[in-house]
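Novice: sequence and predicted structure below; questions after.
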Amino acid sequence: MRSFLHSRSLAIKLFVYLILSLTPYSLSAAEDPVVTTKIKGDFHDVANSIRMAIIGKGINIAHELPASEMLNRTAPAYGYTSNTYNRARTFEFCSAEISHKLARQNPDNIVLCPFTISVYTLTSEPEFVRLSYRKPTGRPGSEKIVDEVVELISSIIEDATW
């Protein structure tokens, strides 16, 4: 009986894998939830420009996550022998004005704050700095306010990259 169940479980897993591998799941640029800008430059200069652009909008930075330090430090524990990032830092911030609008539209939108921008260089392309953010998706009816979040983040990146 156990052998039959194992075979059946394996057959189901193979079937699901086959279906998923045949299903197109790539997203168009408009649907892609991750937006990345790639510029030639120095990590520290670009990261400082992002910091100053956020502060320049009158927004407080809640936290700076030193992502590369954590990932590079823990990589060997998971069997990785090389690092993905030379440097990577994520800035967390929130606009009180936009956050109020999001919450009043739907209290569940609280999960959309803080907003984040990640600044990083890859070990394979150290001469380029990438800036990435995740497009938020709020509860139905929040689309206009979510667009404000995207506009804010986009304007910060634009201000920081001249």
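Specialist: Yes, it's here.

Novice: show me what the closest residue to residue 161 other than its chain neighbours bridges to in the sheet.
Specialist: Leaving out its chain neighbours, the residue that sits closest to residue 161 by C-beta to C-beta, 6 or more residues apart in numbering is residue 39, at 5.4 Å. Where you see a C-beta, it was placed from the backbone N, CA and C, and this is true even at glycine. Bridge pairing for residue 39 (DSSP bridges) gives the partners residue 129.

Novice: now residue 39: how far from residue 73?
Specialist: As judged by C-beta to C-beta, to the nearest Å, residue 39 and residue 73 stand 27 Å apart.

Novice: and residue 42, by the same measure?
Specialist: 23 Å.

Novice: one more: residue 56?
Specialist: For residue 56 relative to residue 73 (C-beta to C-beta), the value is 32 Å.

Novice: with residue 85 instead?
Specialist: On the measure of C-beta to C-beta, residue 85 and residue 73 end up 12 Å apart.

Novice: between these two, point out the one with more neighbours.
Specialist: Higher neighbour count among residue 85 and residue 73: residue 85, with 20 against 11, using other C-beta atoms under 10 Å.

Novice: so that one is in contact with residue 118, correct?
Specialist: No - using C-beta atoms under 8 Å, residue 85 is not in contact with residue 118; the gap is 9.7 Å.

Novice: where do the contact lists of those two overlap?
Specialist: Taking C-beta atoms under 8 Å, 6 or more residues apart in numbering as the criterion, residue 85 and residue 118 both touch residue 67.

Novice: residue 65 contacts residue 114, correct?
Specialist: No - between residue 65 and residue 114 there is no contact under C-beta under 8 Å: 10.6 Å.

Novice: what touches both of those two?
Specialist: residue 92.

Novice: how about the strands of the chain, start to end?
Specialist: Assigned by DSSP state E, the chain shows strands spanning 34-40, 61-65, 85-93, 115-122, 125-134.

Novice: does the second one pack against any helices or strands, and if so which?
Specialist: When you say that, I think you mean strand 61-65. helix 43-56, strand 85-93 (3 or more C-beta pairs under 8 Å, 6 or more residues apart in numbering; DSSP states H and E).

Novice: what mean pLDDT would you report for stretch 96-116?
Specialist: Per-residue pLDDT values over stretch 96-116 give a mean of 96.

Novice: so for that stretch, first residue to last residue, what's the gap.
Specialist: 14 Å (C-alpha to C-alpha, to the nearest Å).

Novice: next one: it to chain centre, how far?
Specialist: 17 Å (C-alpha atoms, centre = their mean, to the nearest Å).
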